[in-house]
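J.: All I have is the shape, not the residue letters:
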């Protein structure tokens, strides 16, 4: 009697194992196909290929050297890399290089430090149509570089960005006020990405 029960139990276990093996092998082959498509650069359904944005810190439209608000000694170079419209948004990309005489060369300096202990909140100014664009905000968080956690070493450039609503009017350029205490950038061209 015991051997009959044992035989039935082993047969049932073997069937379950066979069924599970069959299920998992087809899933494994599907997942392997998906992985190979991702690794092979299959791209998305619209034909776009994933990539990484190429930002050359030396390739800028215009730059200015400014004094950090609240400091006589610390300066920074603020440069505009691009202002690109893509659908309903436009993205401002800047290159910021701190030159702090009060800090060591290996000291970490944040956007907050460069902006004189103020948050990064640039404004795009359309003077022809009397409009000002601020970074898009979603529940108190701006679509922009984090002022505190975006940082670099002294005298090394960092990339800083902000996303705005696309221009409402047909315009080719805007003025950019990066910080209230600094001269504005004028006639910055808007490009299509």
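T.: Yep, it's here. Note that the coordinates shown come from a computational prediction; the quantities given were computed from them, not determined experimentally.

J.: Count the residues that sit near the spatially closest residue to residue 152 that is not a sequence neighbour.
T.: Nearest residue to residue 152, sequence neighbours excluded (CB to CB, 6 or more residues apart in numbering): residue 158, at 3.8 Å. Glycine gets a C-beta too; all of them are placed from N, C-alpha and C. Neighbourhood size, residue 158 [other CB atoms under 10 Å]: 19.

J.: ditto for residue 181
T.: The number of residues packed near residue 181 is 13, by other CB under 10 Å.

J.: pretty sure residue 174 is in contact with residue 124, am I right?
T.: Yes. Assessed by CB atoms under 8 Å, residue 174 is found in contact with residue 124 at 4.6 Å.

J.: between those two, who's got more neighbours?
T.: residue 174 (27 against 24).

J.: Next, that one: secondary structure please.
T.: strand (DSSP: H, G, I helix; E, B strand; the rest coil).

J.: ok, what's across the strand from it?
T.: With DSSP bridges as the criterion, residue 174 is bridged to residue 188.

J.: So residue 112 versus residue 157, what's the distance?
T.: As for residue 112, its distance to residue 157 is 17 Å (criterion: CB to CB, to the nearest Å).

J.: actually residue 142, not the one I wrote
T.: Counting by CB to CB, the gap from residue 142 to residue 157 is 22 Å.

J.: Residue 54 now?
T.: For residue 54, the distance to residue 157 - CB to CB - is 15 Å.

J.: What segments of this structure are strands?
T.: All strands of the chain, identified by DSSP state E, fall at 62-67, 75-86, 89-99, 108-110, 123-126, 131-133, 137-138, 141-142, 151-153, 158-165, 173-177, 185-189, 191-192.

J.: Could you pull up the mean pLDDT of the first one?
T.: Think strand 62-67. Confidence over strand 62-67 (mean pLDDT, whole number) is 98.

J.: partner strands of it, parallel or antiparallel?
T.: strand 75-86 (antiparallel).

J.: Repeat that for the fifth one.
T.: Strand 123-126 sits in its sheet next to strand 131-133 (antiparallel), strand 173-177 (antiparallel), going by DSSP bridges.

J.: quick one: contacts of it?
T.: The contact list for strand 123-126, computed with CB atoms under 8 Å, 6 or more residues apart in numbering, reads 83, 90, 92, 131-134, 164, 167, 169, 171, 174-177, 184.
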